[in-house]
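Undergrad: Here is my input, please return the structure:
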Amino acid sequence: MPYLTADIRPQVNGIIKKRLFQEGAMIRSGQVLYQIDPAVYQASLAQAKANLDSAEAVIPSLRAKADRYRDLLPVHAVNQQDYDDTLGALRQAEATVEADKAAVESARINLAYTPITSPISGRIGKSSVTVGGLVSSFQTTTLATVQQIDPVYVDVVQANADLLRLRKRLENGQLKAAGARANKVKLYLEDGSLYPIEGTLDFRDVTVDTATGSVVLRMTFKNPKQVLLPGMYVRAVVEEGVKQDALLAPQQAVTRDPKGLPFAWVIGKDGKASRHMLQIDRAIGNQWLVSGGLTSADQLVMEGGDRLRDGMQVRAVPYKAITGIASMPQPAAGK
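TA: Reported below is the predicted structural model:
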């Protein structure tokens, strides 16, 4: 998902006079995207300024009159009521000036909203309005959307059961913490290719989804060439623990008995086949992470296992090398 997203909406009413961007282009922060016809707002500002000037023009006369009445009040040249009326008129005029100043500022703000700008830098999508279209302040329909996708957020889900299993294994020493590699993330794209830039794990959500039993992990990746786009399907690999003596067995070499328990055929040094029941942790690519039942020296049967029996003497031929456990022999027919 985008690092930043801004929905562009008008803050004043009016007719769109100009559209000043190319759809799909890169936009910089503060760039003018649309111009609303400013004529009405220019007139409102001019009227507000005129009202302010008119209100301010009354102040000197009333202030001077109030000062004279105050000096004449002790000698009873004016009565108290006249002085009070003049002082009240002065304060009312001063309040009118303050209100007119606020009206001028409001008119200036409305005029400043007629050019609609982008609050962020990023790539802009399609426009929902054309020149001549009528828009209204704070309408629900966005005029366009600007998205910053360098860097970019990647949200993935992790089963809470896997998270608990990982913590338990780190605590009992089955796994070692990744150390300097902790929170580093690799990303695989939809076509299976590896994204060339490593990302970082920012945080895990604190809430488990009750429907799926999973938590959301948020990661950040630099995206200078904009390969990663909002809505893209990706697969993330987070290195949080390391198992030094882990064994990987090709899934092709592992089958299951009628009870669903996994096993593999192993060729011993004497050339005889034996069935090894396995303890499987989880799948890693096209291989199984085996936690019990095999050693690194074992040779697995990749093909022909359906013709084997325990103790059968077989002639093994090398199988094409696969990343995993030792060399993988293939049995031939035997008695």
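Undergrad: Could you use CA atoms for every contact and neighbour count after this?
TA: OK.
Undergrad: got the contact list for Leu20?
TA: Contacts for Leu20 were tallied using CA atoms under 8 Å, 6 or more residues apart in numbering; they are 32-35.
Undergrad: Kindly list the main-chain dihedrals of it?
TA: Leu20 adopts backbone torsions of phi -110, psi 30, taken as degrees, to the nearest 10.
Undergrad: any idea how far it is from Ala112?
TA: Leu20 sits 16 Å away from Ala112, taking CA to CA, to the nearest Å as the criterion.
Undergrad: buried residues in the strand or helix carrying Leu72?
TA: Using DSSP states H and E, Leu72 falls within helix 39-72. The neighbour-count check on helix 39-72 (16 or more other CA atoms under 10 Å) flags 41-42, 44-45, 48-49, 51-52, 55-56, 59, 62-63, 66, 69-70 as buried.
Undergrad: Now flag whichever of these is closest to Thr207.
TA: Using CA to CA, the shortest approach to Thr207 within these belongs to Tyr41, at 48.6 Å.
Undergrad: Surely that closest one and Tyr113 touch.
TA: No - here Tyr41 lies out of contact with Tyr113, judged by CA atoms under 8 Å, at a distance of 9.5 Å.
Undergrad: Now do the helices in this structure.
TA: Listed in chain order, the helices of the chain (DSSP state H) span 39-72, 80-112, 160-172.
Undergrad: Kindly reformat those as TSV containing distance to Gly311.
TA: Below are the helices of the chain laid out as TSV (distance: least, CA to CA, whole Å):
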stretch	distance to Gly311
helix 39-72	94
helix 80-112	88
helix 160-172	36
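Undergrad: With mean pLDDT added, can I get those helices in CSV?
TA: What follows is the helices of the chain, written out as CSV (pLDDT from 0 to 100):
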stretch, mean pLDDT
helix 39-72, 92
helix 80-112, 93
helix 160-172, 65
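Undergrad: right, so of those, which gets closest to Thr140?
TA: The nearest among those, by CA to CA, is helix 80-112 at 19.1 Å.
Undergrad: So which bits of that closest one are buried?
TA: Within helix 80-112, the residues scored as buried using 16+ other CA under 10 Å are 83, 86-87, 89-90, 93-94, 96-97, 100-101, 103-104, 107-108, 110-111.
Undergrad: Over to stretch 253-260?
TA: Buried-residue list, stretch 253-260, by 16+ other CA under 10 Å: 253-255.
Undergrad: Tell me where this protein is predicted with low confidence.
TA: Along the chain, segments meeting pLDDT under 70 span 163-182, 239-245, 320-335.
Undergrad: Would you map out the domains in it?
TA: 40-112, 153-242, 247-331 (automatic domain parsing).
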